[in-house]
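*Asks:* need a structure here:
(one chain, ligands or ions: 1)
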Amino acid sequence: CSDELFIRPLSLVLSAAVRKGITEAVARAFKDTRVKAVVLCGENGKFCGGADIREFAKAMSGPPLVPMIHAIEAGEKPVVAAIEEMALGGGLELALGCHYRVAHAKARLGLPEVTLGLLPAAGGTQRLPRLTGIPAALDLITTGRHISAQEALKLGIVDRVTEGNAVEAAVELALSVVGRPLAPRRLSNHATPLPADLDGVFEEVLVQVKRRARGAMAPVACAKAVRAAAELPYSRGLECERELMNTLFTSGQARALQYCFFAQRAAGKWSLPNGARWDNSRPRAVHTAGVIGLGTMGRGIAVCLVKAGISVVAVETEEKQLDSGRRAVRGMLERDAKRRGVTAPLHMITFTLSMQQLRDVDLVIEAVFEDMALKKSVFAELSRVCRPNALLCTNTSGLDVDELASVTDRPPLVVGMHFFAPAHVMKLLEVICGPRSSPETVATAMTLGKRLGKVSVAVGNCPGFVGNRMLKLYLDQAHFLLEEGASPEQVDQALEEFGFALGIFKVADLSGLDIGWRVRKAAGLIGPDVDPKFPSRHRQGRRYCPLPDLLCEQGRLGQKSGRGWYLYDSAGGKEARPDPAISSFLQEYRLRYGISARRITEQEVVERCVFVLANEGFRILEDGMAAAPEDIDMVYVFGYGWPRHRGGPMFHAAQVGLATVLQRLEFYHRQNPDIPHLQPSTLLRRLVGARSPPMQQWKQHIRSINSQL
Ligand SMILES: CCC/C=C/C(=O)SCCNC(=O)CCNC(=O)[C@H](O)C(C)(C)COP(=O)([O-])OP(=O)([O-])OC[C@H]1O[C@@H](n2cnc3c(N)ncnc32)[C@H](O)[C@@H]1OP(=O)([O-])[O-]
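*Replies:* This is a model prediction of the structure:
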């Protein structure tokens, strides 16, 4: 660089070494009389991803961020941030401490600390509101959303956006402002522009944040810190920011959210027992895909594929279904394009009644009705129609992927891709590795999931895989609690207080009670041998709750029929109201079976539902159906509405204490000896015997590591 400028590259994160580097370099530049202005830029075209999250778990070392940023802002030479690719968290806070900001047109900016259970505590909660005003700052800080350079320009967060080289543009700007007064550029000097109805703005935000993440502390603390920027001078606002950060920093929620950040990335690093791994298996390129079945799942999957730039051939069996599928998919694509201000890529999807049209696709995702015989006939046909190296994927929520593979001419090219409804919205993808799925097939499915914007988790091939295998037991506990004296709304309230987006009975109503009914019929739990008037409460050697079956027999199928565990205004109605008819139905049921209702506490609801999930998670690890506890947790966080600030069922068990979980399960099992799933798993006992080692060491305690992945 020229004599007038001193440019210092940052690495992706503001680690102790980087903070030291910046502090020293900026001090040198300020002292050096030849330097007239400073440009801060990142290494390898990335400005900064924020503080180093890994350092949060260690003792603080290196220069702290707040004084470093303060020294930059207080400097007597203009400092310009050249934002390429990203300025996130502490990275954006650093940029806000600079006197000017230039961003590349493709850069993303944001303060995502809230997603890590924290707040922007390097002055971000105080400087941003002074720059953008309260509503915009509240939005960015409480949601943590990333914004484009263009939006940042509109909000005044950056001074210039360039399509060219951001560092060169920053140098140009820096040279042009040498000698101009810097005081007006120091955000900490600014007064915060206040909205007319300050109280109203904060009240509304608090309602929103509480609705978005029930029980999460960080968004509320973020709003409080921004309020300090509205009401206090900068230095006192900064103190308030620090105090709020101190409470968050050591909280279990922050630990859980930071765990989720790394667990999500760890889930992408899959490995198979044959030594194939994410970093030694090459995925195939996917340019074209087939989707079979345009029901709810198929439509969502087709939309995801098209949005990811993959050409789709969508197949249905009858004109009527094809027409309604076509209308629905086009509508979804058009609405999405409108929202993003682009043209809908309708040309990328063709609709057909002929399987023959699949002959040239790279991969097919079958999404027909959950019926083994039907799926087998589709797979046999795909074997005949598709080119020999096309991958065949099934969107099943629990059927045996290997059994399906066995009817094809290419078992190594068959894999499960379990999407969650609505498939174009939900982030989870379970990739079911059959015993014969090849490494290349697994790598392709995992990579495709990532390309579709999903969190892909590799799981083994067992009934229900990971998510639904655990869900079944969670649901069972909820039903047993009803028998014993609870009401659906009481169970739901306890679970929602715990943090679940929706209680289990509301979820069941939403999904439709007939789905489980069909599965239970197929599993032989309901059938001609069962007396419909007085169904037994024990089947297949264990306690069974016939309540949901009785509801289905009454035509109470959930939201879609206007009645389920709750009452709705009409069929398809959204608002769930407690139904007095359910209360009398439960009373009659208990009377008929001689069950005396007891008072059930919130603690019991949460412990039985949540610990049984973790207990089954331990069994899944023992069976080798998931490679690590992080994978199980990510399935629950991204697919089942588990509150992210509680990390996932396995993390939660570790946080509560494995010994406590064991003791509570033993207690509940003693009370309910006919519920085998309350019996603590072998792995849980073994871990407690080994003094509850940290999660990374759990693998060592699985006696025979017998991965089924
Ligand atoms: C007073 C304090 C106030 C300030 C607080 C903060 O700033 S809080 C922070 C606020 N900032 C944020 O919340 C931003 C968090 N980061 C992100 O959102 C994304 O990582 C990204 C957009 C920076 C890059 O996305 P991408 O898809 O290109 O890549 P990728 O996601 O796969 O990551 C690549 C590798 O880098 C790793 N790593 C990344 N960031 C951090 C970090 N901050 N720390 C440590 N490590 C980090 C990541 O684990 C992965 O490691 P692996 O698995 O290879 O060993």
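*Asks:* Quick one: name the residues of the protein near the ligand.
*Replies:* Within the chain, the positions near the ligand by CB under 6 Å from any ligand atom are 13, 49-54, 65, 86, 88-90, 112-113, 116, 118, 120-122, 262, 265. (Glycine included, C-beta is placed from N, CA and C.)
*Asks:* So which of those residues belong to strands?
*Replies:* 86, 88 (DSSP state E).
*Asks:* what's the nearest residue to the residue sitting nearest the centre point of the chain if we skip its chain neighbours?
*Replies:* Note on the chain: the residue nearest the mean C-alpha position is Phe638, at 3.7 Å, using CA atoms, centre = their mean. In space, and not counting its chain neighbours, Phe638 is closest to Leu428: 3.9 Å by CB to CB, 6 or more residues apart in numbering.
*Asks:* the helices in the stretch 51-200 of the chain, which residues?
*Replies:* Under the criterion DSSP state H, counting those that start in this stretch, the stretch 51-200 of the chain contains helices at 65-74, 90-97, 124-132, 134-143, 149-155, 166-177, 198-212.
*Asks:* got the contact list for the residue nearest to Phe638?
*Replies:* With contact taken as CB atoms under 8 Å, 6 or more residues apart in numbering, Leu428 is in contact with 420, 454-455, 457, 467, 634-635, 638-639.
*Asks:* In a markdown table, list these along with pLDDT.
*Replies:* As requested, the contacts of Leu428 are exported to a markdown table (pLDDT from 0 to 100):
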| residue | pLDDT |
| --- | --- |
| Phe420 | 95 |
| Lys454 | 98 |
| Val455 | 98 |
| Val457 | 97 |
| Gly467 | 97 |
| Met634 | 98 |
| Val635 | 98 |
| Phe638 | 97 |
| Gly639 | 96 |
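*Asks:* so the closest residue to the ligand within the stretch 601-709 of the chain is in which element?
*Replies:* For the stretch 601-709 of the chain and the ligand, the shortest gap (CB to the nearest ligand atom) falls at Glu630, measuring 11.8 Å. Element membership for Glu630 (DSSP states H and E) is helix 629-639.
*Asks:* Could you list every helix and strand in contact with that helix?
*Replies:* Applying 3 or more CB pairs under 8 Å, 6 or more residues apart in numbering; DSSP states H and E, one finds that helix 629-639 contacts helix 252-267, strand 428-432, strand 455-459, helix 467-484, helix 602-623, helix 649-656.
*Asks:* buried ones in the longest one?
*Replies:* Judged by neighbour count using 16 or more other CB atoms under 10 Å, the buried positions of helix 602-623 are 604-623.
*Asks:* any idea of the angle that helix forms with helix 467-484?
*Replies:* Counting by axes from the mean of the first three to the mean of the last three CA atoms, to 10 degrees, helix 602-623 lies at 150 degrees to helix 467-484.
*Asks:* cool, the last one as well?
*Replies:* Between helix 649-656 and helix 467-484, the angle formed by their directions is 60 degrees, by the same axes, to 10 degrees.
*Asks:* What residues of helix 649-656 count as buried?
*Replies:* So, applying 16+ other CB under 10 Å, buried residues of helix 649-656: 649-656.
*Asks:* and of the residues you listed, the nearest to Pro388?
*Replies:* Pro388 lies nearest to Met650 out of these, by CB to CB, at 40.7 Å.
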